[in-house]
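**Q** coordinates for the following, if possible.
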Amino acid sequence: MEPGESSYAKQRSQFPVAFLAGLIIVAILVGGIVLVVLHTRNDSTGAARKLPFGPSEQAYAERVHFRDIRLAHATNFLNQDFTYVGGTISNDGVRDIRALEVEIEFRDALNQVILRETQELVVPGTDPIAAGQRRDFQVTLEHLSSEWNQQYPSIQVTGLLLQ
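**A** Reported below is the predicted structural model:
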């Protein structure tokens, strides 16, 4: 320190450097948040696409059967409830299934739908279910109402991509 220079003046001269470093850190954080939001938004729009379900897919859906349906219930250490629906998809037709979307419905004692969930059981780009073949599936559901009638859910095909 030179004579007559105070520590206050030295701190004041370092302020622009610290301020600039803080701005850079904030800019990096904001940029990261923007990238995460854009990436999440792109993923959700991809999930919103529907599989085809025209007349030919509807006719073939009669050949897709769900067998050996099983239900299980679990609670994790955070006291969150999960219901697992599992079973076997049977492709009893003559074409391979490249993608399969279903709607799972749970009902109450008055036969009103209390939970409707759409799931892709066979995702495009994975191994198709060949004609005459079977494949196991499992779906995890949260927040199943206590008003559920304790019956097996209905499972309906709502989208098919055939080979």
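
**Q** not counting sequence-adjacent ones, nearest residue to residue 132?
**A** Spatial nearest neighbour of residue 132, excluding adjacent residues (Cβ to Cβ, 6 or more residues apart in numbering): residue 91 at 6.6 Å. C-beta: built from backbone N, CA, C; applies to glycine.

**Q** mind giving me the packing neighbours of the helix or strand containing residue 103?
**A** Assigned by DSSP states H and E, residue 103 belongs to strand 97-107. With contacts taken as 3 or more Cβ pairs under 8 Å, 6 or more residues apart in numbering; DSSP states H and E, strand 97-107 sits against strand 64-75, strand 81-91, strand 113-122, strand 154-162.

**Q** so which of the ones you listed comes closest to residue 100?
**A** strand 113-122 (4.0 Å; Cβ to Cβ).

**Q** OK, contacts around the closest residue in space to residue 123 that isn't next to it in sequence?
**A** Excluding the flanking residues, the one nearest residue 123 by Cβ to Cβ, 6+ apart is residue 99, at 6.4 Å. Going by Cβ atoms under 8 Å, 6 or more residues apart in numbering, residue 99 touches 51, 120, 122-124, 159-161.

**Q** nearest to residue 87 among these?
**A** Using Cβ to Cβ, those come closest to residue 87 at residue 122, 13.5 Å.

**Q** bridged to the closest one, which residues?
**A** Assessed by DSSP bridges, residue 122 has beta-bridge partners residue 100.

**Q** surely it and residue 91 touch.
**A** No. If you go by Cβ atoms under 8 Å, residue 122 and residue 91 don't touch, sitting 9.5 Å apart.

**Q** residues shared between the contacts of these two?
**A** In terms of Cβ under 8 Å, 6+ apart, residue 122 and residue 91 are both contacted by the residues 97, 129.

**Q** low-confidence ranges in the protein?
**A** Applying pLDDT under 70 to the chain picks out residues 1-12, 41-49.

**Q** isn't residue 88 right up against residue 135?
**A** Yes. Contact criterion Cβ under 8 Å: residue 88 and residue 135 qualify, at 6.9 Å.

**Q** OK, contacts around the closest residue to residue 50 other than its chain neighbours?
**A** Leaving aside its chain neighbours, residue 50 sits nearest to residue 159 (5.8 Å; criterion: Cβ to Cβ, 6+ apart). Listed by Cβ under 8 Å, 6+ apart, the contact set of residue 159 reads 50-53, 57, 99-101, 120.
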